[in-house]
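Student: got a sequence here, can you build the structure:
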Amino acid sequence: MKDATKQIQWLESMRDLNSKIKKVKKSKLITMKIDPDLLDAFRLKCELEKRPYTTKIKELIKEYLKNI
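Tutor: Residues are numbered from 1 along each chain as shown. Just a heads-up that it's a prediction; the model follows:
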């Protein structure tokens, strides 16, 4: 019986710790329409810079929001 009590206390402690850990939000998938020529040019420029274009889009959004 003592083992079961210890296990229950341990599980409760883990539940408390887990609830206190900051929850990380997952990235959200979005869909948008964009001119194909514009997208091709943007992707090519990012490719030349050896950067993923989606990462560059996120950087541009963050930069835009800093300057508001």
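Student: output the below-cut-off pLDDT ranges for the protein.
Tutor: 1-2, 22 (pLDDT under 70).
Student: report the central residue of it.
Tutor: In the chain, the residue lying closest to the centroid (C-alpha atoms, centre = their mean) is Ser27, at 3.8 Å.
Student: that residue: what secondary structure?
Tutor: Under DSSP: H, G, I helix; E, B strand; the rest coil, Ser27 falls in the coil class.
Student: would you map the helices across this protein?
Tutor: 2-20, 36-48, 53-66 (DSSP state H).
Student: mind listing what's buried in the shortest one?
Tutor: I take that to be helix 36-48. Phe42, Cys46 (16 or more other C-beta atoms under 10 Å). Bear in mind the C-beta positions are built from the backbone N, C-alpha and C, glycine included.
Student: ok and that helix relative to helix 53-66, angle-wise?
Tutor: Interaxial angle of helix 36-48 relative to helix 53-66 (axes from the mean of the first three to the mean of the last three C-alpha atoms, to 10 degrees): 100 degrees.
Student: which elements pack onto helix 36-48?
Tutor: With contacts taken as 3 or more C-beta pairs under 8 Å, 6 or more residues apart in numbering; DSSP states H and E, helix 36-48 sits against helix 53-66.
Student: and the gap between Ile52 and Leu44?
Tutor: For the record, residue 52 is Pro, not Ile. Note on Pro52: its distance to Leu44, by C-beta to C-beta, to the nearest Å, is 13 Å.
Student: actually Asp16, sorry about that
Tutor: For Asp16, the distance to Leu44 - C-beta to C-beta - is 52 Å.
Student: repeat for Pro36
Tutor: Distance from Pro36 to Leu44, by C-beta to C-beta: 12 Å.
Student: could you do Ile61 as well?
Tutor: From Ile61 to Leu44 the distance is 20 Å (C-beta to C-beta).
Student: could you do Tyr64 as well?
Tutor: 22 Å.
Student: next: Leu29.
Tutor: Taking C-beta to C-beta, one finds Leu29 at 24 Å from Leu44.
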